[in-house]
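> Please work out how this folds:
(one chain, ligands or ions: 1)
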Amino acid sequence: MKKVILLRLGHRPGRDKRITTHVGLTARLLGADGMLLAADDPVVVKSLENVVSRWGGNFYIKNKVDFNQEIKEWKTGGGKVCHLSMYGVNLPNVTDELKKCDKLMIVVGAEKVPPEIYYLADWNIAVGNQPHSEVAALAITMDRIADVDTLGIKFPGAELTIIPTKRGKQVIENLRN
Ligand code: SAM
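Got it, this is the predicted structure:
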């Protein structure tokens, strides 16, 4: 399976708490290994870690990263960087290239991203050349470039498991040793 990590830039604590949590949750759902947060927000980290401990898997969150340093290390380790921006090359034109890449950092912004990101990235990719949401852009990108069914990913070690039902809610609590 492709190794994907998310880099979240421009997060404003307080204002972006909900959307940053949602990009983290979306990345986890669709198979990312973790999220690097280029800001200091322990509240977001705690809320994502709570989800991981209740719903399983090994998704990690790294707070307060230096994005230049993380990108440098990622590239040194053979990883590629894909920055999502409405100004970039439209996703359908690069899907095949991205599918071939087995170690990918996906970068999403909140407020305006630092201009150097456009040059540090291997690809600047638009999910349609119109403004919308980093959550939608991330979800569509991860789903289109995945080499597995992104909605069939397992999350081992969960405290809670949903039993899918046509109506209502069924959740089982898993016993821990
Ligand atoms: N005003 C900011 C700017 O000019 O850079 C962008 C704000 S936008 C809500 C936040 C993030 O959503 C962007 O940094 C980008 O990662 C993502 N995004 C929004 N529209 C996109 C699109 N059409 N394609 C890819 N990413 C998009």
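> Quick check: the gap between P164 and the ligand.
31 Å (C-beta to the nearest ligand atom, to the nearest Å). (C-beta placed from N, C-alpha, C; glycine too.)
> Report the secondary structure state of H11.
coil (DSSP: H, G, I helix; E, B strand; the rest coil).
> Neighbours of it, how many?
22 (other C-beta atoms under 10 Å).
> OK, contacts around it?
20, 37-39, 41, 44, 110 (C-beta atoms under 8 Å, 6 or more residues apart in numbering).
> Please produce TSV containing those residues, extended by secondary structure, neighbour count and pLDDT.
Below are the contacts of H11 laid out as TSV (DSSP: H, G, I helix; E, B strand; the rest coil; neighbours: other C-beta atoms under 10 Å; pLDDT from 0 to 100):
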residue	secondary structure	neighbour count	pLDDT
T20	helix	29	98
L37	strand	24	98
A38	coil	22	98
A39	coil	18	97
D41	coil	21	97
V44	helix	25	98
A110	coil	18	96
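> The residues you listed also near the ligand: which ones?
Contacts with the ligand are made by A110 out of the contacts of H11, judged by C-beta under 6 Å from any ligand atom.
> residues from the protein in reach of the ligand?
So far as C-beta under 6 Å from any ligand atom goes, the chain lies against the ligand at 84-86, 108-110, 112-113, 126-128, 130-134, 137.
> please redo it, this time with the cut-off set to 8 Å
9-10, 83-86, 88, 91, 107-113, 125-134, 136-138, 141 (C-beta under 8 Å from any ligand atom).
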